[in-house]
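Student: fold the stuff below for me.
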Amino acid sequence: MITITDKTKCCGCGACFNICPKTCIRMKADDEGFAYPEVNTDLCINCGLCEKVCPIINNNPGNEVKTVYAAGHKSAKIKTLSSSGGMFSLLAEHILNQGGAVFGAGFDGSWRVRHTFAENANDLDKLRRSKYVQSDTGDSFKTAKDFLLSGRQVLFTGTPCQIAGLKNYLGKDYPNLLTADIICHGVPSPAVWERFLAETAPASNISAVDFRHKRFGWDASYLNITLKNGVNLPQAGGVFNYCKGFLNRSKGKLFRLIYRLPYTISNMYERPSCHACAFKGKRKYADFTMADLWGVKEVMPDMYDEKGVSLLMVNSAKAEAAFKDLAVNLLYKDISLEAASKYNPYFLRSTSPSPCREEFFKSFRKGESFYKIMSRYKRRGVKGLLLKLLRFTGGAKIL
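Tutor: Numbers count the residues shown, from 1 in each chain. As a prediction, this is how the structure comes out:
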């Protein structure tokens with residue numbers, strides 16, 4: 001029977017929930033909003049399957065990264081629709097063209113993030129773009145297995161721990177399964193996201209959420225929420241409406257420093273296991289690993305594209321075979337693993353929890369407004385913000 005006594009030892013992948021033959025495990029959110037398995041001991045038969053599939057208890061070695069590419073989809077439209085260089089779309093198209101199903105994180109009707117699947121190109125857009133919230137995998141592992149057993153091609157995408165959980169749940173490799181994970185900073189709390197959203201705009205009034213809006217380019221992206229009346233949040237007001245040319249010339253740096261929504265990926269409200277991640281390093285469960293190629297201007301400047309540049313790691317023989325078919329729609333160059341990981345430090349190591357994490361959740365548990373909590377940290381950072389602004393404008397020289 002799986003029992004969680006140390007929250008850094010549970011990634012919330014849902015493998016235990018999916019495998020239980022008596023359906024006596026449920027994923028229950030704690031007071032930080034993260035889901036953990038809760039076992040109904042009256043129904044449990046002590047079969048031990050939940051422990052056997054746990055990717056932290058049974059962390060298999062995975063595959064060594066074989067090849068690394070700086071890459072981008074040949075379609076400018078696909079890159080614009082994507083958070084980075086369009087690698088998810090590239091892999092998804094490959095599977096959909098074979099009549100397969102693509103699993104990934106998407107929004108439900110209340111803008112919560114849940115794993116679901118697409119079976120055609122029209123449904124694919126709901127799975128595109130980063131979601132900076134931990135996704136509820138639900139029964140997606142079971143559904144993916146049903147597709148695999150029926151002989152259909154399946155692409156399953158997620159965080160490294162979700163892919164590890166899926167692989168342990170399946171118990172064997174399926175030739176018709178392709179998997180892709182990401183270089184993961186960490187997963188923010190769904191409850192924090194929901195409170196922020198409730199205080200920002202009613203869910204019924206929202207038509208789109210984009211955590212990586214590219215108005216100022218891929219490497220100056222920001223959270224954008226579009227309302228059904230066409231208004232985009234954040235809205236630059238006052239003097240900012242008269243400085244649009246300058247904002248565009250600055251590639252959004254000033255906009256992001258001063259006027260942005262306060263929710264972002266943050267080690268202040270990430271899952272405890274993310275700060276002791278068991279899935280960092282050069283060995284990967286997934287066939288492919290996708291990420292932004294941060295630092296591209298330094299390590300491979302000729303590949304820079306303001307619409308997005310991806311880092312694509314090929315980790316298995318299955319991925320190598322698939323890449324031969326994918327390459328026709330891809331602009332790419334080989335890059336060393338060392339150069340690729342130089343500006344992606346969380347490929348190799350976990351994030352450290354913010355010194356303010358405990359203080360944040362203490363206020364959060366009391367029901368305090370997300371904006372109010374964050375405003376306190378914003379005030380503390382006024383001096384740092386001023387220094388950034390002065391550096392940006394050249395005024396830091398006078399300090």
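
Student: now stretch 94-107: average pLDDT?
Tutor: Averaged across stretch 94-107, pLDDT comes to 97.

Student: in it, what's buried?
Tutor: Buried residues in stretch 94-107, counting neighbours by 16 or more other Cβ atoms under 10 Å, are found at His94, Ile95, Leu96, Gly100, Ala101, Val102, Phe103, Gly104, Ala105, Gly106, Phe107. Just so you know, the C-beta spots here come from the backbone N, C-alpha and C atoms, and that holds for glycine as well.

Student: the fourth one: what's it in contact with?
Tutor: Contacts for Gly100 (Cβ atoms under 8 Å, 6 or more residues apart in numbering) come out as Glu119, Phe147, Arg152, Gln153, Val154, Leu155, Asn176.

Student: run a quick neighbour tally on the closest residue to it other than its chain neighbours.
Tutor: Of all residues not flanking Gly100 in the chain, Gln153 sits nearest, at 3.1 Å (Cβ to Cβ, 6 or more residues apart in numbering). Neighbour count of Gln153, defined by other Cβ atoms under 10 Å: 20.

Student: among the buried residues of stretch 94-107, which lie within helices?
Tutor: Secondary structure assignment by DSSP state H places His94, Ile95, Leu96 of the buried residues of stretch 94-107 in helices.

Student: which one of the residues you listed sits closest to Cys277?
Tutor: Ile95 (27.4 Å; Cβ to Cβ).

Student: hang on, isn't that closest one packed against Ala101?
Tutor: Yes - between Ile95 and Ala101 there is a contact under Cβ atoms under 8 Å: 7.3 Å.

Student: and the contacts of Gly100, which are buried?
Tutor: Among these, those classed as buried by 16+ other Cβ under 10 Å are Phe147, Arg152, Gln153, Val154, Leu155.

Student: A strand includes Thr116, no?
Tutor: Yes - counting by DSSP: H, G, I helix; E, B strand; the rest coil, Thr116 is located in a strand.

Student: in space, what's closest to it - neighbours in sequence excluded?
Tutor: That would be Gly106: by Cβ to Cβ, 6+ apart, it lies 4.9 Å from Thr116.

Student: I'd say that neighbour and Ser130 touch.
Tutor: No - applying Cβ under 8 Å, one finds Gly106 not in contact with Ser130, separated by 11.9 Å.

Student: need the three-state assignment for Asn224.
Tutor: Relying on three-state DSSP, one would call Asn224 strand.

Student: and if you look at Ala286?
Tutor: coil.

Student: backbone dihedrals for the residue nearest to Thr137 when sequence neighbours are not counted, please?
Tutor: Spatial nearest neighbour of Thr137, chain neighbours left out: Gly14 (4.0 Å); criterion: Cβ to Cβ, 6+ apart. Dihedral pair for Gly14: phi 90, psi 10, per degrees, to the nearest 10.
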